[in-house]
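K.L.:
okay, predicted coordinates and the sequence, questions at the end:
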Amino acid sequence: MRSTKTRDKARERYRKNAEKMREKCREYYKKNTGRIAETQRKWKILHPERCKELQKRWAIENPHRCWAWATISQHRHRGYIVDIDIEELSYIAQHTTSCPYCGSKLDWSRGGGPGGHKSSPTLDRRENEKVLFTKNIQIICMVCNRKKGDWPEDLFIERMRREGLLNRRIE
């Protein structure tokens with residue numbers, strides 16, 4: 001174990017040369033990507049319980065990013081053209097706290113069984129195209145997404161207004 005003095009010296013050296021050291025790390029990872037991936041793969045095989053535990057903890061600590069990753073993966077698997085990355089969708093998710101149609105608070109916790117629960121966040125394509133891009137998506141609750149189905153946004157808003165379910169902020 002390092003002494004406090006040695007550790008402090010190392011930290012100071014890193015502070016002075018942080019960018020240079022980061023660049024060295026980037027170069028190392030570029031050169032050794034295959035070897036690093038293989039080492040990680042072997043570790044996951046040897047430590048499956050620990051791996052599951054870490055994945056669960058990461059998902060709990062990063063609910064928006066976890067949701068964004070899963071959502072993009074599912075849409076790609078279904079054949080959608082995804083023109084938005086995890087960072088962008090995660091950012092949108094972090095800034096979406098309630099459903100824009102009904103106003104219910106979105107529940108970012110995991111669980112609720114297959115399909116989630118009523119206030120689970122879902123990705124809605126405004127124009128129902130097979131392409132996901134920033135201007136064509138929004139995050140709404142599962143109930144509203146199921147009601148909306150393939151309806152165009154303007155007709156769905158009118159339907160919600162007639163049923164008295166429309167969030168007052170939209171009107």
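P.N.:
Noted; the coordinates are in hand. Residues are numbered from 1 along each chain as shown.
K.L.:
dump the residue contacts of residue 138.
P.N.:
96, 100, 123, 124, 126 (Cβ atoms under 8 Å, 6 or more residues apart in numbering). All C-beta atoms are positioned from the backbone trio N, CA, C, and that covers glycine.
K.L.:
now, which of these lie within strands?
P.N.:
Among the contacts of residue 138, the members falling in strands (DSSP state E) are 123, 124.
K.L.:
and the contacts of residue 138, which is closest to residue 44?
P.N.:
Nearest to residue 44 among the contacts of residue 138 is residue 123, at 28.7 Å by Cβ to Cβ.
K.L.:
re the thing from before, just the buried residues out of the contacts of residue 138, in PyMOL syntax.
P.N.:
A single PyMOL command is used to select the members of those judged buried by 16 or more other Cβ atoms under 10 Å:
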select buried, resi 96+100+123+124
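K.L.:
least confident of the contacts of residue 138?
P.N.:
Across the set of those, residue 126 stands lowest in pLDDT, at 86.
K.L.:
what number of residues lie near the residue lying closest to it once chain neighbours are set aside?
P.N.:
With Cβ to Cβ, 6 or more residues apart in numbering as the criterion, residue 126 has its nearest non-adjacent residue at 4.9 Å, and that residue is residue 153. Residue 153 has 15 neighbours, counted by other Cβ atoms under 10 Å.
K.L.:
and what of residue 93?
P.N.:
21.
K.L.:
assign it to helix, strand or coil.
P.N.:
Secondary structure assignment for residue 93 (DSSP: H, G, I helix; E, B strand; the rest coil): helix.
K.L.:
right, and it touches residue 140 too?
P.N.:
No - Residue 93 is beyond contact range of residue 140, at 11.8 Å (criterion: Cβ atoms under 8 Å).
K.L.:
which residues are in contact with each of the two?
P.N.:
residue 121.
K.L.:
find the residue ranges of this protein scoring beneath the pLDDT cut-off.
P.N.:
1-2, 111-116, 168-171 (pLDDT under 70).
K.L.:
can you do 50?
P.N.:
171 (pLDDT under 50).
K.L.:
which residues in it form strands?
P.N.:
Under DSSP E, the chain gives strands at 81-82, 121-125, 131-132, 137-141.
K.L.:
what about the nearest residue to residue 85 once chain neighbours are set aside, distance to residue 96?
P.N.:
Once flanking residues are discounted, residue 85 sits nearest to residue 72: 7.7 Å by Cβ to Cβ, 6+ apart. Plainly put, residue 72 is 16 Å away from residue 96 if you go by Cβ to Cβ, to the nearest Å.
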